[in-house]
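Engineer: could you look at this predicted model? Sequence included:
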Amino acid sequence: MDDTIGQPTTAALIESIVLVAHDPVPTELLAQLLERPIDEIEQCCDDLAEAYRRDGRGFELVHVAGGVRLQTVADYTAWVERFLLHDQRARLSGAALETLAIIAYKQPISRAQVAAIRGVDPDGVLRTLAARGYVDEVGRDDGPGQAILYGTTPTFLERLGLRSLDDLPSIAEFIPGPEVVEALEDGLRITPSIDVDAPPT
């Protein structure tokens, strides 16, 4: 038997692995698995991505969350959602989206800090975001009580199609920090004046 017949190409092997992967596959891991130089793997991924675009495929190979994955073309989202969703999965509420944005731009951040910014208890929303896999515990605060600190996850990056948090739109300056909220609260708080010379009533 001729062992050279049917030998898979590097591109075919990359496609096979990425197709069955649940998460984006780092090119370093592909290079290790296929025993090929990482430069060759990255070039092959670029060639595959270009070939899919050139052929007008309904899917594309993209770099996201520190790896590569196959996904449907963004322009076809409406049709894909009709098939997958059918409104079976509830969309994130406005409160959840607001909390997720605060965490994304201010992480690592504690529950109390989120509450200070939003003005409401975020416990329920945090549980929802954690259940969806968008946020997770990333550490503990050094201060008293060692509060849990939250941050976004690779799933968050993957869903937004971002390589890293550096790719987030630059709007962090529009989200006030807890110290700003505290200053506003102190400035707006009405403290009744007490006349110490007045006789007791």
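Structural biologist: Received, thanks.
Engineer: how is this protein divided into domains?
Structural biologist: 10-76, 94-188 (automatic domain parsing).
Engineer: want to throw those domains into CSV with distance to residue 83 and mean neighbour count?
Structural biologist: All C-beta spots, glycine's among them, are computed from the backbone N, C-alpha and C. Formatted as CSV, these follow (distance: least, Cβ to Cβ, whole Å; neighbours: other Cβ atoms under 10 Å):
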stretch, distance to residue 83, mean neighbour count
domain 10-76, 10, 15
domain 94-188, 18, 15
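Engineer: in terms of mean pLDDT, which of these ranks lowest?
Structural biologist: For these, mean pLDDT drops lowest on domain 94-188, to a mean of 82.
Engineer: so which residue is smack in the middle of the protein?
Structural biologist: Nearest to the geometric centre of the chain sits residue 156, at 2.0 Å (Cα atoms, centre = their mean).
Engineer: go ahead and confirm that residue touches residue 134.
Structural biologist: Yes: assessed by Cβ atoms under 8 Å, residue 156 is found in contact with residue 134 at 4.6 Å.
Engineer: anything in contact with each of these two?
Structural biologist: residue 100 (Cβ atoms under 8 Å, 6 or more residues apart in numbering).
Engineer: who are the contact partners of residue 159?
Structural biologist: By Cβ under 8 Å, 6+ apart, the neighbours of residue 159 are residue 134.
Engineer: any idea which element it lies in?
Structural biologist: helix 154-160 (DSSP states H and E).
Engineer: quick one: contacts for the nearest residue to residue 157 once chain neighbours are set aside?
Structural biologist: Leaving aside its chain neighbours, residue 157 sits nearest to residue 65 (4.1 Å; criterion: Cβ to Cβ, 6 or more residues apart in numbering). Going by Cβ under 8 Å, 6+ apart, residue 65 touches 23, 24, 154, 155, 157, 158, 162, 163, 164.
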